[in-house]
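**Student:** okay, sequence plus prediction incoming.
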Amino acid sequence: MTEHILKLNDRYFDAVANGIKTFEIRKNDRDYKVGDTLVLKKVDDDGKFLTYADHNLGMNLNYEIKVAITYILTHDEFDGISEEYVALGIRRVGE
């Protein structure tokens, strides 16, 4: 199993953190496999990594989430997905 470290925009990151978003759409450039781990790192709209000092909220200090790939949907299975992308089913791990 492979661990992939990826940036994730803060609005999507929060949806994954809250359990609302259970999928990722990604460019198929990393040979993703079911069982691989994604380490999602929270970034702003400019792609800058966020830290506690950026938000100063005092509550959520977690700017990294680990998820496992549970399912992969490709263009070969559903032509609504571009050949260059995959839809990844994900679930949080390590909690």
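**Tutor:** Cool, got the structure. Given the structure is predicted, the values throughout are model-derived calculations rather than measurements.
**Student:** next one: phi and psi at K48?
**Tutor:** phi -80, psi 130 (degrees, to the nearest 10).
**Student:** same deal with E64?
**Tutor:** According to degrees, to the nearest 10, E64 has phi -150, psi 130.
**Student:** that one reaches K42, doesn't it?
**Tutor:** Yes. Between E64 and K42 there is a contact under CB atoms under 8 Å: 7.1 Å. The way it works is simple: take the backbone N, C-alpha and C, and place the C-beta from them, glycine included.
**Student:** these two: which has the busier surroundings?
**Tutor:** K42 (25 against 12; other CB atoms under 10 Å).
**Student:** beta partners of that one?
**Tutor:** Under the criterion DSSP bridges, K42 forms beta bridges with L8.
**Student:** contact partners for it?
**Tutor:** By CB atoms under 8 Å, 6 or more residues apart in numbering, the contact set of K42 is 8, 10, 13, 49-50, 63-64.
**Student:** and the residues you listed, which is closest to H75?
**Tutor:** Among those, L8 lies closest to H75 (CB to CB), at 22.5 Å.
**Student:** isn't L6 right up against L40?
**Tutor:** Yes. Between L6 and L40 a contact is recorded at 5.7 Å, counting by CB under 8 Å.
**Student:** more crowded one of the two?
**Tutor:** L40 (23 against 13).
**Student:** which residue, other than its chain neighbours, is closest to the more buried one?
**Tutor:** L8 (4.3 Å; CB to CB, 6 or more residues apart in numbering).
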